[in-house]
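# Model the following, please.
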Amino acid sequence: MPSNQSPLGALPSRFKRERLLIIGCGDVGQRVVRLQRHVRVVALTSSPARVAALRAQGVTPIVGNLDVSASLQRLAGWATRVLHLAPPPLQGNTDPRTLALTRLLMHRSAPLSVVYGSTSGVYGDCAGAWVAESRTVKPITPRAQRRVDAEARVRHVGRLRSSAVRVSVLRIPGIYAPDREGGTPRERLLRGTPVLTREDDVFTNHIHADDLARACQLALWRGQAQRVYNVNDDSQMLMGDYFYMAAGLYGLAKPPRISRAQAQAQTELSAMQLSFMSESRRLVNTRMKRELRLQLRYAKVEDGLT
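Down below sits the predicted model:
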């Protein structure tokens with residue numbers, strides 16, 4: 001596509017400003033937007049209704065859909081950095097959306113860096129063990145299997161382009177923030193949803209949405225090629241203890257504790273909630289701190305819940 005057909009208009013040779021493409025510009029993506037200085041930002045959105053809101057944030061919106069490859073062609077070769085935060089489809093064991101994006105990235109000039117926001121769920125159940133990025137993935141749920149597929153698709157771009165494209169994968173646990181929709185456990189506490197007894201409980205991991213946005217930003221510029229990063233805070237909490245702590249912060253009743261067998265028989269617990277209650281791991285974030293040089297603003301989950 002000639003430069004004068006770019007979604008942003010002609011890009012003259014003197015145009016040296018970094019150009020960031022965000023795929024999946026929801027809550028975290030918009031936090032990343034607010035961190036930009038002297039960077040031109042384009043966001044892919046499948047919703048025409050979001051165009052005005054994105055423009056108000058200084059973003060150039062492009063209406064397109066990862067499920068419709070033809071709608072993505074205008075983005076080929078435009079970005080110097082790509083942040084991919086779009087989720088996979090809700091069905092299947094693969095991620096055709098990420099496949100469509102990676103095919104686009106391999107056309108024309110490649111970006112300097114690509115950052116993909118994955119999930120720590122790719123590790124599966126680790127029985128409470130400490131988990132570094134070198135651990136072999138063992139996804140249990142189809143949701144996690146789709147993420148493993150997406151990771152492989154994105155990393156394939158880095159291998160094909162050799163050192164020309166630095167691909168970083170961020171493995172992200174539970175995201176929280178008081179100013180994020182559903183970003184605190186308050187509603188769950190108000191519903192009285194039970195937690196597991198201590199004997200059956202699982203370790204859970206967290207990251208504040210602002211710290212996650214900063215990790216995304218740093219990975220775009222500092223992430224090493226073909227590198228995976230656990231992006232989590234320093235908390236080491238059992239899930240039940242997390243909800244008990246939150247109840248104390250909010251002045252709410254502590255949730256009841258039930259056994260794992262009782263939880264599996266509960267009709268009020270969703271399949272996703274049960275899957276979270278079946279996987280226990282403690283993420284090691286040393287690489288994130290050393291290589292991305294991220295200094296957590298909310299090192300403990302209790303620091304950022306209120």
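# Where does residue 77 sit: helix, strand or coil?
Classification of residue 77 using DSSP: H, G, I helix; E, B strand; the rest coil returns coil.
# Show the model's pLDDT score for it.
We have a pLDDT of 86 for residue 77.
# I'd guessed it sits against residue 105; true?
No - counting by Cβ atoms under 8 Å, residue 77 sits too far from residue 105 to count as a contact (9.1 Å). The way it works is simple: take the backbone N, C-alpha and C, and place the C-beta from them, glycine included.
# State the phi and psi torsions of the nearest residue to residue 69 once chain neighbours are set aside.
Computed as Cβ to Cβ, 6 or more residues apart in numbering, the closest residue to residue 69 that is not its neighbour in sequence is residue 100, at 4.8 Å. The phi/psi pair for residue 100 (degrees, to the nearest 10) reads phi -60, psi -40.
# list the helices and strands whichever helix or strand residue 249 is part of packs on?
Counting by DSSP states H and E, the element that carries residue 249 is helix 239-250. Under the contact criterion of 3 or more Cβ pairs under 8 Å, 6 or more residues apart in numbering; DSSP states H and E, helix 239-250 touches helix 186-191, strand 195-196, strand 203-204, helix 301-304.
# Looking at the spatially most central residue of the chain now. What's its pLDDT?
Centroid-nearest residue in the chain, with Cα atoms, centre = their mean: residue 117, separated by 3.6 Å. Note on residue 117: pLDDT of 98.
# Surely it forms part of a strand?
Yes - looking at residue 117 with three-state DSSP, it is inside a strand.
# How about it, nearest residue that isn't a chain neighbour?
For residue 117, the spatially nearest residue (Cβ to Cβ, 6+ apart) is residue 85, at 4.5 Å.
# what's near enough to touch that neighbour?
Residue 85 makes contact with 22-26, 28-29, 117, 216 under the criterion Cβ atoms under 8 Å, 6 or more residues apart in numbering.
# Torsion angles phi and psi at it?
Dihedral pair for residue 85: phi -120, psi 10, per degrees, to the nearest 10.
# roughly how far apart are it and residue 28?
Computed as Cβ to Cβ, to the nearest Å, the residue 85 to residue 28 distance reads 6 Å.
# list the residues that contact both of the two?
117, 216.
# picking up where we left off before, was I right to think the residue nearest to residue 69 contacts residue 73?
No - the pair residue 100 / residue 73 is not scored as a contact, 10.7 Å apart, by Cβ under 8 Å.
# ok, the two, which is more surrounded?
Counted by other Cβ atoms under 10 Å, residue 100 and residue 73 do not tie: residue 100 has more neighbours, with 19 against 11.
# show me what contacts that one?
66-67, 69, 72.
# Quick check: which helices or strands does the helix or strand bottoming out on mean pLDDT in the chain pack against?
Lowest mean confidence among the helices and strands of the chain (mean pLDDT, DSSP states H and E): helix 271-276, at a mean of 90. The contact analysis (3+ Cβ pairs under 8 Å, 6+ apart) places helix 271-276 against no helix or strand.
# Would you tell me which helix is longest in this protein?
Scanning the chain for the longest helix, with DSSP state H as the assignment, gives helix 142-160.
# Figure out how far that helix is from the centre of its chain.
Averaging C-alpha positions (Cα atoms, centre = their mean, to the nearest Å) puts helix 142-160 13 Å from its chain's average.
# what's in contact with that helix?
Here helix 142-160 has contacts from 84, 88-89, 91-95, 97-99, 102, 105-106, 110, 114, 116, 118-119, 121-122, 124, 137, 139, 165-167, 169, 225-226, 228, 272, 275, using Cβ under 8 Å, 6+ apart.
# Can I get it as PDB, trimmed to CA atoms?
What follows is helix 142-160, C-alpha atoms only, in PDB (Å, rounded to 0.1, in the frame of the first residue of the first chain):
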ATOM      1  CA  PRO A 142      -9.100 -24.600  26.700                       C
ATOM      2  CA  ARG A 143      -8.800 -20.900  27.600                       C
ATOM      3  CA  ALA A 144      -5.200 -21.400  28.600                       C
ATOM      4  CA  GLN A 145      -4.600 -23.700  25.500                       C
ATOM      5  CA  ARG A 146      -5.700 -20.800  23.300                       C
ATOM      6  CA  ARG A 147      -3.100 -18.600  25.000                       C
ATOM      7  CA  VAL A 148      -0.300 -21.100  24.500                       C
ATOM      8  CA  ASP A 149      -1.200 -21.200  20.800                       C
ATOM      9  CA  ALA A 150      -1.200 -17.400  20.600                       C
ATOM     10  CA  GLU A 151       2.200 -17.200  22.300                       C
ATOM     11  CA  ALA A 152       3.700 -19.600  19.800                       C
ATOM     12  CA  ARG A 153       2.200 -17.600  16.900                       C
ATOM     13  CA  VAL A 154       3.700 -14.300  18.200                       C
ATOM     14  CA  ARG A 155       7.100 -15.900  18.900                       C
ATOM     15  CA  HIS A 156       7.200 -17.400  15.500                       C
ATOM     16  CA  VAL A 157       7.300 -13.800  14.100                       C
ATOM     17  CA  GLY A 158      10.500 -13.100  16.000                       C
ATOM     18  CA  ARG A 159      12.100 -16.300  14.800                       C
ATOM     19  CA  LEU A 160      11.200 -15.600  11.100                       C
END
